[in-house]
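Peer 1: 3D, please:
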Amino acid sequence: MGLFNFFSKKENKQVLDEGLKKTKTSVFDKIATAIAGKSKVDDEVLDNLEGALVSADVGVETTLEIIRRIEARVQRDKYVGTSELMRLLKEEIAALFAGDASETEGFVLSGDHRPFVIMVVGVNGVGKTTTIGKLAKHYSDKGLKVVLGAADTFRAAAVEQLCIWGNRVGVPVVKQQMGSDPASVAYDTVSSAIASDADVVIIDTAGRLHNKVGLMNELTKIKNVMKKVVPTAPDEVLLVLDGSTGQNAFEQAKQFIKATEVTSLAITKLDGTAKGGVVIGISHELGVPVRYIGLGERVEDLQPFNAMEYVDSLFKDVKL
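Peer 2: Numbers count the residues shown, from 1 in each chain. As a prediction, this is how the structure comes out:
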């Protein structure tokens, strides 16, 4: 069974265009200004383009790769006017994303086994628990049975927030006392999901290092314990990042990838920032596909990620 679009394509596109407006207005419109009056793509145009991409928090390495690709296209095609630059940019940026840029990603729920287990990681404050609640709502609305696991046992607020989402969405939350072993909660959650014939399990985890147990050991233990119940678990390790923090999000991603095997990304809070270009750099440099992006507070503002549509929105109505 697969889950690609939660809403109609038109609704998704409207939310995406609105959510990326700050990034587009602040940075990508400036690209047009920077190269206005130029008849061809020369060194000055490329320098201006490089500055605009870096200011969008695309990242230095990814920006240099984009410039290298544009230079190669210009050299190969001999003459490229600035009127063609936007098309080239869109094509080359979309090609940098990990995964298939032509399809909306989201999670593909395998029909081979149930439950499909998603382990969610990320530092406190990035919107991790909210992302879990929105995913649970989407799956529940599709008629799938969902169980949530409150394995961030070190923060009362995290457990409470997850329970609020569970009540709101109408899905059960497995929890234990504060300070309990997170792996024990994960074990109980997966066991409960099997007993109730659930389709999807989403496990919330702690987002910081603790005095006695390192994050790497803790996340590894959670995964190993779940495998005792479901050998394929977790099917996905979803890292949630706050897009509004720009390069800080990139650093967080690198640290979590060191700590555990991250298979996918959800990047939140893109509606409130002009740093939406960070999505490009993170996916490209770390080689991890973006599966979801958060574009606001509403449930429908969490969208399955489509690289081509994302790039189209960034360059929408940009005129040279």
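
Peer 1: wouldn't Lys53 be in contact with Thr63 here?
Peer 2: Just to correct that, residue 53 is Leu rather than Lys. Yes: look at Leu53 against Thr63 with Cβ atoms under 8 Å: they come within range, at 4.3 Å. (C-beta placed from N, C-alpha, C; glycine too.)

Peer 1: quick one: which of those two has more around it?
Peer 2: Neighbours per residue (other Cβ atoms under 10 Å) separate Leu53 from Thr63, with Leu53 holding more: 25 against 22.

Peer 1: Phi first, then psi, for that one.
Peer 2: Comment: the main-chain dihedrals of Leu53 come out as phi -70, psi -40, following degrees, to the nearest 10.

Peer 1: State the pLDDT value of it.
Peer 2: We have a pLDDT of 85 for Leu53.

Peer 1: gap between the spatially closest residue to Gln247 that is not a sequence neighbour and Val311?
Peer 2: Taking Cβ to Cβ, 6 or more residues apart in numbering as the measure, Gln247 lies nearest to Asp57, with 5.9 Å between them; neighbours along the chain are not counted. In this structure, Asp57 and Val311 are 16 Å apart, going by Cβ to Cβ, to the nearest Å.

Peer 1: Same check on Thr245?
Peer 2: With the distance defined as Cβ to Cβ, Thr245 ends up 22 Å from Val311.

Peer 1: What of Gly296?
Peer 2: Applying Cβ to Cβ to Gly296 and Val311 gives a distance of 20 Å.

Peer 1: And for Gln161?
Peer 2: In this structure, Gln161 lies at 33 Å from Val311, with Cβ to Cβ as the measure.

Peer 1: can you confirm Ala266 is in a strand?
Peer 2: Yes: note on Ala266: a strand contains this position according to DSSP: H, G, I helix; E, B strand; the rest coil.

Peer 1: And for it, the neighbour number?
Peer 2: Under the neighbour criterion other Cβ under 10 Å, Ala266 is assigned a count of 25.

Peer 1: on that earlier part again, higher neighbour count, Gly296 and Val311?
Peer 2: Val311 (23 against 17).

Peer 1: which ones are touching that one?
Peer 2: By Cβ atoms under 8 Å, 6 or more residues apart in numbering, the contact list for Val311 reads 90, 93-94.

Peer 1: just those: which has the poorest pLDDT?
Peer 2: Of all the contacts of Val311, Lys90 carries the smallest pLDDT score, 86.

Peer 1: That residue is in contact with Ser313, isn't it?
Peer 2: No: with contacts defined as Cβ under 8 Å, Lys90 does not count as touching Ser313, sitting 10.5 Å away.

Peer 1: hey, where'd the helices end up in this structure?
Peer 2: Across the chain, reading from the start of the chain, the helices by DSSP state H fall at 9-19, 21-23, 29-34, 43-55, 60-77, 85-96, 128-141, 156-169, 182-195, 215-227, 247-259, 278-286, 307-314.

Peer 1: hey, C-alpha coordinates of the fifth one in CSV?
Peer 2: Right, helix 60-77. Taking only C-alpha atoms (Å, rounded to 0.1, in the frame of the first residue of the first chain), the coordinates of helix 60-77 have been written out as CSV:
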residue,chain,number,x,y,z
VAL,A,60,28.7,26.5,-0.1
GLU,A,61,29.4,23.0,-1.5
THR,A,62,26.0,22.6,-3.1
THR,A,63,26.1,26.2,-4.5
LEU,A,64,29.5,25.5,-6.1
GLU,A,65,28.2,22.2,-7.6
ILE,A,66,25.2,24.1,-9.1
ILE,A,67,27.6,26.7,-10.6
ARG,A,68,29.9,24.0,-11.9
ARG,A,69,26.9,22.3,-13.6
ILE,A,70,25.7,25.6,-15.1
GLU,A,71,29.2,26.3,-16.4
ALA,A,72,29.3,22.9,-18.0
ARG,A,73,25.9,23.5,-19.7
VAL,A,74,27.0,26.9,-21.0
GLN,A,75,30.3,25.5,-22.3
ARG,A,76,28.5,22.5,-24.0
ASP,A,77,25.8,24.6,-25.5
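
Peer 1: Just list what that helix packs against, helices and strands only.
Peer 2: Contact here means 3 or more Cβ pairs under 8 Å, 6 or more residues apart in numbering; DSSP states H and E; on that basis helix 60-77 packs against helix 43-55, helix 85-96, helix 278-286.

Peer 1: Buried residues, that helix. List them.
Peer 2: Neighbour-count burial for helix 60-77, counted by 16 or more other Cβ atoms under 10 Å, picks out 62-63, 65-67, 69-70, 73-74.

Peer 1: ok so, going back, pretty sure the residue nearest to Gln247 contacts Gly277?
Peer 2: Yes: taking contact to mean Cβ under 8 Å, the distance of 5.0 Å between Asp57 and Gly277 places them in contact.

Peer 1: which other residues reach stretch 192-203?
Peer 2: With Cβ under 8 Å, 6+ apart as the test, stretch 192-203 has contacts from 1, 109, 114-120, 132, 135-136, 139, 144-149, 151, 172, 174, 185-186, 189-190, 222, 226, 229-230, 233-234.

Peer 1: I'm done for today, thanks for sticking with me.
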